[in-house]
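Visitor: okay, sequence plus prediction incoming.
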Amino acid sequence: MLFKRVTLFHFFGFKVKADASWFFLSVLIMWTLATRAYPVLYPGHTPDVYQFMGFMSLLGIFVSIIAHELAHAIIAEYYHMPIESITLFIFGGVAEMKGQPSHPKGEFLMAIAGPAMSALVGLFFWSSARFFDIYVHPGAGQKVLVYLADLNWMIAGFNMIPAFPLDGGRALRAVIWHIKDNMVLATRISSELGAIFAYSLLCLACWRIVMHGDTLSGMWIGLIGFFIHAAGRYAVRQTESRAMLAAESVTRFMRTQVASVSPDLTIADFVENYVYRHYQRIFPVVDRGRLVGTIGLQAVTALDKSKWQWLHVASVMGPPDAQTVITPETSAADAMEQMHKLQKEQLLIAKDGEFLGVILFRDLATYLSITLKVDQDRPVASSRGA
């Protein structure tokens, strides 16, 4: 998201990652609770107790966010909307889906699953706090449980606001999608409501900073508003792009005039006659019309130059990769998502082993940029299948 992500662990088959911004947020949360919130709310304890309360609260927040996103992920998987990973970042967490939701019902249930789980987790913490209060001792641990219960209920309530991309906004999009039978139009409408909510948060942030001098909370409210607005606009553009490209196969954008090499070619000849003459990072290796591998600049530069005269492409090339070789029936939307996922500039196109051509990321990006500027209403015609 904002910074580099690291994988923390795997849970229920899902990869749980953390953005570097989450670690910054963790330190800030623990410090704020231990030095500001808890000493004001519950005076009379030592600094060590407050630090312990802050640490335990951070653990509870971590569990709460994972539970919220895991609920999204489980429902999404049930409705055949694969989740790639769960990522923690500065504004909480997100269950990252591979592609777009497949149908309104699945998205609606997936959207409300998160807030429902947060409400249940809040009930668990509240029940635990009551147990401590009645049967154990209403000490520091009980106060942490009360805080976590209130926090989860606040997360559930905030996320159910019908402002995309909050969970409530996603549920609203699913309802509009079901009624209008058009995901793109539903995304636009729910995103516009999300933008109104985002502007309201920005106004509230300015009011708190200017009228009350509350710079810290004002900045956080403003950042949340900015994130909601930016995420909503990105979702609209992504959905429009997906709808436009889903209707096209890769053959429309396929480049057939691409330099390919023979596996019998020496590395010296390959460099002299292909690398220096054709501006390609990857060259398909073709033998009698069949794709047998690929060779790139990285493989060549890793070799000792003294070996270029007698080494052949066949001894250096990599085998055709199922992830980077697609069929001509593949939709342009799936191709673009695959390139984005693999961080590749191009994919090879082949059918039954026969090499046909390549598709470039920049061609798809240029097509989208031009088409969306010329005719912004065109994607609205796409239907549920997009």
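Guide: Structure received. Residues are numbered from 1 along each chain as shown.
Visitor: and residue 270, how many residues sit next to it?
Guide: Here the count is done by other Cβ atoms under 10 Å, and residue 270 has 23 residues near it. (Each C-beta comes from the backbone N, C-alpha and C, glycine too.)
Visitor: got a list of what the residue nearest to the spatial centre of the chain touches?
Guide: What sits nearest the mean C-alpha location of the chain, by Cα atoms, centre = their mean, is residue 96, with 4.3 Å. Neighbour list for residue 96: 83-87 [criterion: Cβ atoms under 8 Å, 6 or more residues apart in numbering].
Visitor: in a helix, it, correct?
Guide: No. Note on residue 96: no helix contains this position according to DSSP: H, G, I helix; E, B strand; the rest coil, which reports strand.
Visitor: any weak-confidence spans in the stretch 251-386 of the chain?
Guide: Along the stretch 251-386 of the chain, the parts satisfying pLDDT under 70 run over 375-386.
Visitor: need the helices for it, in chain order.
Guide: With DSSP state H, counting those that start in this stretch, the ranges of helices along the stretch 251-386 of the chain come out as 267-270, 297-301, 313-316, 332-342, 361-374.
Visitor: give the buried residues for stretch 193-210.
Guide: Of the residues in stretch 193-210, those buried under the neighbour-count criterion (16 or more other Cβ atoms under 10 Å) are 193-195, 197-198, 201-202, 204-205, 208-209.
Visitor: and stretch 258-277, by the same measure?
Guide: 258, 260-261, 263, 265, 267, 269-271, 274-275.
Visitor: what sits up against it?
Guide: Where contact means Cβ under 8 Å, 6+ apart, the residues beyond stretch 258-277 that reach it are 278, 280, 283-287, 292-293, 295, 297, 300, 303, 307-314, 316-317, 355, 357-358.
Visitor: now the buried members of those residues.
Guide: Using 16+ other Cβ under 10 Å, the buried members of the contacts of stretch 258-277 are 280, 283-286, 292-293, 295, 300, 308, 311, 313, 316-317, 355, 357-358.
Visitor: turn the helices of the stretch 251-386 of the chain into JSON lines, including distance to residue 154.
Guide: Shown next, in JSON lines, are the helices of the stretch 251-386 of the chain (distance: least, Cβ to Cβ, whole Å):
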{"stretch": "helix 267-270", "distance to residue 154": "62"}
{"stretch": "helix 297-301", "distance to residue 154": "50"}
{"stretch": "helix 313-316", "distance to residue 154": "58"}
{"stretch": "helix 332-342", "distance to residue 154": "34"}
{"stretch": "helix 361-374", "distance to residue 154": "38"}
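Visitor: between the ones you listed, which gets nearest to residue 246?
Guide: Evaluated with Cβ to Cβ, those place helix 332-342 nearest to residue 246, the distance being 4.2 Å.
Visitor: okay, the angle between the closest one and helix 361-374?
Guide: 130 degrees (axes from the mean of the first three to the mean of the last three Cα atoms, to 10 degrees).
Visitor: what about helix 332-342, distance to the chain center?
Guide: 14 Å (Cα atoms, centre = their mean, to the nearest Å).
Visitor: was I right about residue 6 contacting residue 21?
Guide: No. The pair residue 6 and residue 21 does not pass the contact test of Cβ atoms under 8 Å, sitting 11.8 Å apart.
Visitor: those two: which is more packed in?
Guide: Counting neighbours by other Cβ under 10 Å for residue 6 and for residue 21 shows that residue 21 has the greater number, 16 against 11.
Visitor: which helix or strand contains the more buried one?
Guide: Using DSSP states H and E, residue 21 sits within helix 20-32.
Visitor: which outside residues touch the helix or strand just after that helix?
Guide: Elements were assigned by DSSP H and E; along the chain past helix 20-32, the next helix or strand is helix 38-41. Residues lying outside helix 38-41 but in contact with it, judged by Cβ under 8 Å, 6+ apart, are 45, 50, 53-54, 143.
Visitor: kindly recompute the last result at 7 Å.
Guide: The set of residues external to helix 38-41 that reach it, using Cβ atoms under 7 Å, 6 or more residues apart in numbering, is 50, 53-54.
Visitor: what about the strands in the stretch 151-300 of the chain?
Guide: Secondary structure of the stretch 151-300 of the chain (DSSP state E, counting those that start in this stretch): strands at 282-287, 290-296.
Visitor: same for the shortest one, what does it pack against?
Guide: Put plainly, it is strand 282-287. Packed against strand 282-287, as judged by 3 or more Cβ pairs under 7 Å, 6 or more residues apart in numbering; DSSP states H and E, are the following elements: strand 290-296.
Visitor: could you check the angle strand 282-287 makes with the strand it packs on?
Guide: Taking the same axes, to 10 degrees, strand 290-296 and strand 282-287 form an angle of 150 degrees between their directions.
Visitor: check which residues of stretch 225-234 are buried.
Guide: Buried residues in stretch 225-234, defined by neighbour count with 16+ other Cβ under 10 Å: 225, 227-229, 231-232.
Visitor: just those residues: which are in helices?
Guide: Secondary structure assignment by DSSP state H places 225, 227-229, 231-232 of those in helices.
Visitor: and these, which is closest to residue 148?
Guide: Distance to residue 148 across those (Cβ to Cβ) is lowest for residue 227, with 23.4 Å.
Visitor: related to what we said a few turns ago, dump the buried residues of stretch 193-210 into CSV; add pLDDT as well.
Guide: Supplementary listing: these in CSV, determined by pLDDT from 0 to 100:
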residue, pLDDT
193, 94
194, 94
195, 95
197, 95
198, 95
201, 95
202, 95
204, 95
205, 95
208, 92
209, 94
